[in-house]
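> Sequence plus the predicted model coming up.
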Amino acid sequence: MMKASNILLGYDFDKWYGYGAKEAITTDVSKKFNSHTLVCGMSGSGKSFLTNILFARLCLENGSEGQVYFADFKQDDQFSHLRNCPRYYPYDKSIEALNTVYEILHNRQSRKDKSRYPITLIWDEYMANILSIQNTDKKKADEIMRKVSEILMLGRSLGVRLVISCQRPDASAFPSGSRLNYGVIIIVGAPIRSIYEMLIPKEYIDRIGEREFMVGEGVVLLQGSQLEFIKIPLIRDVEKMQQICINALTK
Ligand SMILES: Nc1ncnc2c1ncn2[C@@H]1O[C@H](COP(=O)(O)OP(=O)(O)OP(=O)(O)O)[C@@H](O)[C@H]1O
Ligand SMILES: [Mg+2]
């Protein structure tokens, strides 16, 4: 039996506000489950902040052997601490990160590379990145999306994981049902019905009810079937978190 490898996503939203109780919402990021992650929400909803937290928690769970590549299309201030790291890929360099991770996937698939330690590609503002490439070179954008789809389909058993964030995951950058290939979907901030409709099965959307989410709160869909509402609190030791991420992009 493969052992579970749980990371904390946040705390149960209803219990947090209802009784001030902290009930952890976790997800298993071992190879047993699909841990490709999609974080969505409008501007300022807390996506990049959450991305930093997930990054650090994945590192702690992966242990020393995991490796992370970080693509930061917008060069967000939230990630300024990462700028000098060797595996930090700003703006148009993001595609280099994708290509490197894609090559690792293929080398593992062909058994040229027999290692299976966790490789994670974190890609902030994926949608904006794809749109900008589509505007100048449609073919190149298609090629990039094809690589993303392949990582989503083959990655789990080969230990290669994607963590993507974007505002609205429109079909133009998520071809042929690829939004369903994310085992962990998190939508933070103000409830935008059109985003829910892109990502959550209709019968689940009704369960959101009258809940109003603020920055750093929202909806989680795990393995396409488990719906949770979460509150992501601020973290105490930001510097420690940043140091974990810096180390992961450096070693
Ligand atoms: N969980 C949270 N709790 C409290 N405040 C938060 C939380 N997450 C983010 N914030 C605050 O909200 C602001 C916006 O967060 P963040 O930059 O992560 O949003 P974003 O969705 O990435 O926005 P953008 O689309 O502009 O990149 C930050 O300044 C941060 O301090
Ligand atoms: Mg951001």
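That came in fine, so what should we check first? Numbering: from 1, shown residues only. Ligands and ions are numbered 1, 2, ... in the order given.
> Quick one: name the residues of this structure near ligand 1.
Within the chain, the residues that sit near ligand 1 (CB under 6 Å from any ligand atom) are 41, 43-49, 76, 78, 167, 215-216, 232, 234. Any C-beta I mention is one placed from the backbone N, CA and C, and that applies to glycine too.
> And the furthest pair within the residues you listed?
Largest separation among the residues of the chain next to ligand 1 by CB to CB: 167 and 234, giving 22.0 Å.
> Compare those two (neighbour count), which wins?
When residue 167 and residue 234 are compared on other CB atoms under 10 Å, the one with more neighbours turns out to be residue 167, at 19 against 8.
> Run a quick check on that one versus residue 42, I expect a contact.
Yes. Counting by CB atoms under 8 Å, residue 167 touches residue 42, with 5.8 Å between them.
> mind listing what whichever residue of the stretch 51-200 of the chain sits closest to ligand 2 touches?
Ligand 2 sits closest to residue 76 of the stretch 51-200 of the chain, with a gap of 4.7 Å, by CB to the ion. Residue 76 sits next to 48, 124-125 when contact means CB atoms under 8 Å, 6 or more residues apart in numbering.
> Closest one of these to residue 15?
Distance ranking of the contacts of residue 76 against residue 15, using CB to CB, places residue 48 first at 26.1 Å.
> Next, the buried residues of the helix or strand encompassing the closest one.
If you go by DSSP states H and E, residue 48 is part of helix 47-62. Within helix 47-62, the residues that qualify as buried by neighbour count (16 or more other CB atoms under 10 Å) are 47-59, 61-62.
> Also stretch 169-184?
For stretch 169-184, the neighbour count (16+ other CB under 10 Å) marks 169, 173-174, 178-179, 181-184 as buried.
> what's the answer for stretch 103-112, then?
Taking 16+ other CB under 10 Å as the criterion, stretch 103-112 shows 104-105, 108 as buried.
> now residue 69, nearest residue through space, not along the chain?
Nearest residue to residue 69 in three dimensions, chain neighbours excluded: residue 97, at 4.4 Å (CB to CB, 6 or more residues apart in numbering).
> Let me know how buried the one you found is, in neighbour terms.
Other residues within reach of residue 97, judged by other CB under 10 Å, total 21.
> Quick one: the strands in the stretch 101-250 of the chain, in order.
With strands called from DSSP state E, counting those that start in this stretch, the stretch 101-250 of the chain shows them at 119-124, 160-166, 184-188, 217-222, 226-231.
> hmm, back to that, would you mind giving the secondary structure of the residue nearest to residue 69?
Using DSSP: H, G, I helix; E, B strand; the rest coil, the three-state assignment for residue 97 comes out as helix.
> Show the contacting residues for it.
Counting by CB under 8 Å, 6+ apart, residue 97 makes contact with 69-71, 87, 89, 121, 123.
> per-residue confidence for residue 64?
With respect to pLDDT, residue 64 scores 78.
> Tell me the confidence at the spatially closest residue to it that is not a sequence neighbour?
Here the nearest residue to residue 64 in space, its sequence neighbours aside, is residue 251; by CB to CB, 6+ apart that works out to 7.7 Å. The predicted structure scores residue 251 at 83 on the pLDDT scale.
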